[in-house]
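Asks: Need a 3D model of the following:
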Amino acid sequence: MAAHGRLVERARRGGIDLYCTGDSIVRRWGADDHPRLKAHWDETFRGYRTANFGCGANHLQNILWRLLNGELDGVNPRLVVLLAGTNNAGEAPRTGETADDILRCFEAVLKTIREKAPGAVTVLTAIFPRTDAPEAMPIIFAVNARLPGLCDGQKARFLDVNAGMLDGKGRVLEGMLLDGLHPGIPGYRVWAAGLMPIVREVLGKPRLSGPD
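Replies: Numbering: from 1, shown residues only. Got it, this is the predicted structure:
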């Protein structure tokens, strides 16, 4: 709740064109307590008015609650980037949650983003591969295969950069993940390479001194 309060305050300050939300994978990229990742975030988004609304350990339900409770109110971003779902998939084998359940959560989050930020283009990022919980990968594959069906290709774009993290046999390349779940700099570089053409298309060339 303390983190949520800080994010609501950031939303109230406004001045955000590129709004990133999700779980700890999003948060770490722009977090001061991960300085190497933060430096890469700053370099990637330099010149764009960007804010990071990632929150650690979040399931899609947590992100939905945050969006419904002030974190997107009045922000009016031009581009929203969403990466989430790995925590849902990681617990699904134990809880009985299914790919259908996770898809319904994605639908609810996207619906809320459309309602709160009707002028924004939303980038729905495929759930990243992970090696710490191999039992989750079949659910991740199943969800990712269906995520494009939630996007119209215009106001909602599907982005899958997972091929850049894998070798020819579908194994996660060394260095992509720090702990089997969270990307290292190489993983974030792969994500950034996929994101930046959309960022430039929607927001144009960078103009300001750097991200927030």
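Asks: Show me the helices in this structure, by range?
Replies: Ranges of helices in the chain, per DSSP state H, are 2-13, 24-29, 35-44, 60-66, 86-95, 99-116, 137-146, 185-203.
Asks: Report the distance from the longest one to the chain centre.
Replies: A distance of 12 Å separates the C-alpha centroid of helix 185-203 from that of its chain, computed with Cα atoms, centre = their mean, to the nearest Å.
Asks: for the fifth one, same thing?
Replies: Put simply, helix 86-95 sits 17 Å off its chain's centre (Cα atoms, centre = their mean).
Asks: The second one now?
Replies: For helix 24-29, the distance between its averaged C-alpha position and the chain's averaged C-alpha position is 8 Å (Cα atoms, centre = their mean).
Asks: now do the third one
Replies: With Cα atoms, centre = their mean as the basis, helix 35-44 stands 16 Å off its chain's centre.
Asks: Let me know whether P77 touches G15 as I believe.
Replies: No: P77 lies out of contact with G15 (Cβ atoms under 8 Å); the separation is 10.0 Å. To be clear about C-beta, it is placed using only N, CA and C from the backbone, and glycine gets the same treatment.
Asks: what's the burial count for V75?
Replies: 22 (other Cβ atoms under 10 Å).
Asks: Next, name the residue at the spatial heart of this protein.
Replies: Geometric centre of the chain, nearest residue: L83, 2.2 Å, by Cα atoms, centre = their mean.
Asks: That residue and E9, how far apart?
Replies: Counting by Cβ to Cβ, to the nearest Å, the separation of L83 from E9 is 23 Å.
Asks: same deal with L159?
Replies: 29 Å.
Asks: And these two? Which one has more around it.
Replies: Applying other Cβ under 10 Å to L159 and E9 shows that L159 carries more neighbours, namely 20 against 11.
Asks: mind listing what the more buried one touches?
Replies: By Cβ atoms under 8 Å, 6 or more residues apart in numbering, the contact set of L159 is V123, L124, T125, A126, G194, L195, I198.
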